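[1] Okay, here's the prediction I keep looking at, along with the sequence it came from:
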Amino acid sequence: MTVSAGSAGWYLRRLSRMGPREVGGRVGDAVRRRRWRSVRPDRPRVTGARFTTPLPAGTVAEVPPDAVKRLVAEADRLMSGHAEYFGVVRDDLADPDWWYDPKTGRRAPGGYAFDVPYRDEDAVGDVKQIWELSRHQYLTVLAAAYAVTGDERYAERVAGHLRSWWAGNAPLRGVHWTSGIELGIRLLSWVWIRRLLDGWPGAAALFEDNPVALHQIWHHQRWLAAFPSRGSSANNHVIAEAAGQFAAACAFGWFPSSARWRADALRSLERHLRGNTFPSGLNRELATEYHGLVLELGLAAVAEADAAGVPVPASVRLVLLRMTDALAAVVDGRLRPPRQGDADDGHGLVVDGAGTDRWGSLLATGDAVFGRLAWWPAVTGTDVRTPLLAALVRPYAKTGTGPAVSRPASRPAHFADAGLTILRGPEEIWCRCDGGPHGFLSIAAHAHADALSIEVRHDGVDVLADPGTFCYHGQPEWRRYFRSTLGHNTLQLDDGDQSVSGGPFLWTRHAGSRVLVADTSGAGVARWCAEHDGYAPSVHRRRVELTAASRELRVVDEVSGPRRAARLAFHLGPAVTADLTGHRAVLTWTRDGEDRSAVLDLPGQLSWRAHRGETGPPLGWYSAGFGRREPATTLVGTGFTDGAEGFTTVLGFRG
């Protein structure tokens, strides 16, 4: 095998992070899986099923013309068989093989779903590549293209692919029945496909009048009701499972169990939305893309509830409101949020074409549903999804819960519960400082060993960059690098990580961080200071000051305790070129045709080298998206922590 997950040692480490209740639940799951191998219940008979939650009349006409243009262009590309997933270009989408991985050329094995070793790339291929197509979010794009154009070619392609998938992926057979998040997102896609195809004459024959579709929908919901993500795995996965289950039980409520599934899914969604979200509104996984995924899923679930007339607890809308305000608070001037923690390009609902800004779209939806605050950044782009969701979701002020909720009067800069602080300066200087917990739950699955790291942008350009994620399964050396301490803008001691990894989604020891100072109120100087104990008995403390008048960022790293070997890393964005001479680097880049520059004065106690695109071991890389990487310059200083004055770095932006 090419990954550590699945070995006996991994199972023991994983077991050590579970509590008794979770262990008991997983034992029950194992018994149920064994029983389901031989017991295949028939779907209850359904008569008189009807789809009753279409888009309100006139909704499609509200979609802006430029958003329609992008959508149709994307749909036409898909119709020609072309798409790109995680850096791999595909040209086989006219008639896809649902179990094929184009990256490795492997095809996943068949058989009973729970026997498929989906973490083993040698046996299955890259499972992310295989799963992504079967989320059917490209089919929601085609269905949306039908809705805005009335061109039946799009609807017929959707119908053909759904029938092909249903025929080739019988319940509990193969790789697409192994992970609850995949089933949940797929159900949500099917709900929206049915809604977007509502004007097509063949829609009812494809869904409610189709015994095969009814069989698949029922088995998906039965699976999700039986195998929820539990305990230390109850992160974004359980929200996707609950949102998909709830959406299907609302829109496809045709089965004897639909009312129970709907009620159970709503309870789970409410509980886990609260559990996955800090009171400040930031996602507890401290992985920004999962903040976006959870927000998308939550908004889609509320849309189904309102369309079906199902009451939703006020706490659900409140969490989504706070998540939206938090997102508006942390984005930079180009509406880019932090690049913190894992990111796998996962989306909850996709109905837009390429070139649509995800974060601008979420803020536009937030404006339509909750109302924007005066300090929110302006959103100038357009999208398809916002008018569709807004047509279904009741505006927050009309739900009876809005007036009692207190929202920030000014833009928050410090999120104490998440340990995240944004320092802002002139000319859109933006600096994220990380002094928060090491991820969420006992395994912190999507965390990186990035305590006290910083991320600096100038007018939206990554200057000191968080390198990203790149991969999950199958490439352990790269997975280790992108989540390592050396892979972030922070200080590494004795060539080790601040937190201890037990596998690609498992941390067995978590560094503890605390913010000591977060002063963003002054107009002249913004200050932040935090420390962590990941290298006990040593303590790493970092101070950051952003001075507006001089456009200067000062970073001071201090280490208490015994003398240790140290490496201080600064990762530059891919657009930035560095000319390193001694302890000074001149940084240059271009933004909108204008040349920009900065000077990085580095600690003189360390010996500095520039690294770019190295592979043995990896160093000097940037991942703009999952499955993609490109060389970028990383400056690394090596030495020892025996200086009482600490290490001082100064980044000065030039005019």
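    Structure received. Because the structure is predicted, anything quoted here is derived from the model rather than measured.
[2] burial measure for the residue lying closest to residue 349 once chain neighbours are set aside, as a count.
    Excluding the flanking residues, the one nearest residue 349 by C-beta to C-beta, 6 or more residues apart in numbering is residue 300, at 4.9 Å. All C-beta atoms are positioned from the backbone trio N, CA, C, and that covers glycine. Residue 300 is flanked by 24 other residues according to other C-beta atoms under 10 Å.
[3] Just the element for residue 300, please.
    helix 288-308 (DSSP states H and E).
[4] what sits against residue 417?
    Contact analysis of residue 417 by C-beta atoms under 8 Å, 6 or more residues apart in numbering lists 278, 279, 280, 282.
[5] Can you redo those as TSV, where the extra columns are neighbour count?
    TSV is the format used below for the contacts of residue 417 (neighbours: other C-beta atoms under 10 Å):
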residue	neighbour count
278	21
279	12
280	18
282	26
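[6] Let me have those residues in CSV, extended by distance to residue 195, pLDDT and secondary structure.
    Listed next are those as CSV, based on distance: C-beta to C-beta, whole Å; pLDDT from 0 to 100; DSSP: H, G, I helix; E, B strand; the rest coil:
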residue, distance to residue 195, pLDDT, secondary structure
278, 33, 97, coil
279, 34, 97, coil
280, 34, 97, coil
282, 31, 98, coil
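[7] between the residues you listed, which is closest to residue 415?
    residue 280 (4.4 Å; C-beta to C-beta).
[8] mind listing what the nearest residue to the closest one once chain neighbours are set aside touches?
    Excluding the flanking residues, the one nearest residue 280 by C-beta to C-beta, 6+ apart is residue 415, at 4.4 Å. Contact analysis of residue 415 by C-beta under 8 Å, 6+ apart lists 278, 280, 281, 282, 326, 329, 330, 421.
[9] Return the per-residue confidence for residue 415.
    Looking at residue 415, its pLDDT reads 98.
[10] Quick one: low-confidence residue ranges for this structure.
    Applying pLDDT under 70 to the chain flags the ranges 1-7, 10-11, 397-404, 655.
[11] What separation is there between residue 424 and residue 488?
    According to C-beta to C-beta, to the nearest Å, residue 424 and residue 488 sit 21 Å apart.
[12] between those two, which one's more packed in?
    Neighbour count, other C-beta under 10 Å: between residue 424 and residue 488, residue 488 has more, with 28 against 16.
[13] Residue 453: how many residues sit nearby?
    A count of nearby residues for residue 453, using other C-beta under 10 Å, gives 24.
[14] Just want the phi and psi numbers for it.
    Per-residue torsions, residue 453: phi -70, psi 160 (degrees, to the nearest 10).
[15] so who does the residue nearest to residue 349 touch?
    Each residue near residue 300 by C-beta under 8 Å, 6+ apart is listed here: 188, 243, 247, 348, 349, 389.
[16] Please, where are all the helices along the stretch 101-250 of the chain?
    For the stretch 101-250 of the chain, the helices defined by DSSP state H, counting those that start in this stretch occupy 121-124, 127-133, 137-149, 152-168, 180-196, 203-206, 211-226, 236-251.
[17] Mind exporting the C-alpha coordinates of the second one to PDB?
    Taking Å, rounded to 0.1, in the frame of the first residue of the first chain, the C-alpha atoms of helix 127-133 are listed here in PDB:
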ATOM      1  CA  VAL A 127     -10.500   7.700  -5.000                       C
ATOM      2  CA  LYS A 128     -11.000  11.500  -5.100                       C
ATOM      3  CA  GLN A 129     -10.800  11.400  -8.900                       C
ATOM      4  CA  ILE A 130     -13.300   8.500  -9.000                       C
ATOM      5  CA  TRP A 131     -15.700  10.000  -6.500                       C
ATOM      6  CA  GLU A 132     -15.800  13.500  -7.800                       C
ATOM      7  CA  LEU A 133     -17.600  12.800 -11.100                       C
END
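[18] Cool, thanks, talk later.
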